[in-house]
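sharing a model that was predicted from the sequence below.
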Amino acid sequence: MPAAVANSVGEAGLSMHSVCISQTANQVRSLPSANDRPRPRWYSPRVSHSRPKRYTNWYLRDWMAALGISQADLVGKTGLNKTAISLPYNDRQDYSPEVVRDVAAALNIAIYELFMPPQDAMSIRAFHRDAIRVVASGTRLGTPRPESTERTGTDG
């Protein structure tokens with residue numbers, strides 16, 4: 001290496017052991033690669049593996065709490081493995097139609113009820129029961145039934 005290049009390299013503060021004889025001073029300054037630079041503070045090594053948090057629109061946790069069922073109980077009732085229940089339960093994986101069907105059957109609820117809070121589903125069930133009772137009785141709720149239901153077919 002020419003003495004002038006070696007002096008300028010030495011004056012620039014670069015280590016002399018990484019300099020090749022055929023390199024110029026500008027090439028020597030650009031030697032450190034991107035891997036040798038310190039990472040910025042905001043860099044996370046898991047960036048390439050992370051995904052946005054998925055929004056799951058089912059209420060599995062709420063239903064299990066309302067019915068007093070644990071994950072282990074649900075695994076036993078559905079026949080699925082622990083991971084197939086745990087990942088959707090903890091919002092780490094989207095649910096599949098098969099899992100929804102099996103979970104609804106194990107909880108003894110309708111499939112659509114998994115997609116609403118238990119309180120809403122119970123209200124709909126109560127409304128449905130009342131509607132069936134009204135239709136069966138033929139009267140409005142809260143009105144007393146007449147004593148005689150015999151009709152003559154005339155107004156008099």
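Arrived safely.

residue 131 and residue 118: what is the separation?
Residue 131 sits 20 Å away from residue 118 when distances are taken as Cβ to Cβ, to the nearest Å. C-beta coordinates here come from the backbone N, C-alpha and C atoms, glycine included.

neighbour-wise, which of these two wins?
Between residue 131 and residue 118, residue 118 has the larger neighbour count (other Cβ atoms under 10 Å), namely 18 against 11.

show the contacting residues for that one.
By Cβ atoms under 8 Å, 6 or more residues apart in numbering, the residues touching residue 118 are 59, 62, 63, 66.

again with residue 76
Neighbour list for residue 76: empty [criterion: Cβ under 8 Å, 6+ apart].

which of the contacts of residue 118 ranks first by neighbour count?
Busiest of those [other Cβ under 10 Å] is residue 63, holding 21 neighbours.

give me the mean pLDDT for the longest helix along the chain.
Ranked by number of residues, the top helix in the chain under DSSP state H is helix 118-137. Averaged across helix 118-137, pLDDT comes to 91.

hey, C-alpha coordinates of it in PDB?
Backbone C-alpha positions of helix 118-137 (Å, rounded to 0.1, in the frame of the first residue of the first chain) are rendered in PDB as follows:
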ATOM      1  CA  PRO A 118     -73.600 -15.300  26.300                       C
ATOM      2  CA  GLN A 119     -75.900 -12.700  27.800                       C
ATOM      3  CA  ASP A 120     -77.200 -11.800  24.300                       C
ATOM      4  CA  ALA A 121     -77.700 -15.500  23.400                       C
ATOM      5  CA  MET A 122     -79.500 -16.100  26.700                       C
ATOM      6  CA  SER A 123     -81.800 -13.100  25.900                       C
ATOM      7  CA  ILE A 124     -82.600 -14.500  22.500                       C
ATOM      8  CA  ARG A 125     -83.300 -17.900  24.000                       C
ATOM      9  CA  ALA A 126     -85.700 -16.300  26.500                       C
ATOM     10  CA  PHE A 127     -87.400 -14.300  23.800                       C
ATOM     11  CA  HIS A 128     -87.800 -17.500  21.700                       C
ATOM     12  CA  ARG A 129     -89.300 -19.400  24.600                       C
ATOM     13  CA  ASP A 130     -91.700 -16.600  25.300                       C
ATOM     14  CA  ALA A 131     -92.700 -16.400  21.600                       C
ATOM     15  CA  ILE A 132     -93.400 -20.100  21.500                       C
ATOM     16  CA  ARG A 133     -95.500 -19.900  24.700                       C
ATOM     17  CA  VAL A 134     -97.500 -17.000  23.300                       C
ATOM     18  CA  VAL A 135     -98.200 -18.900  20.100                       C
ATOM     19  CA  ALA A 136     -99.100 -22.000  22.000                       C
ATOM     20  CA  SER A 137    -101.500 -20.200  24.300                       C
END
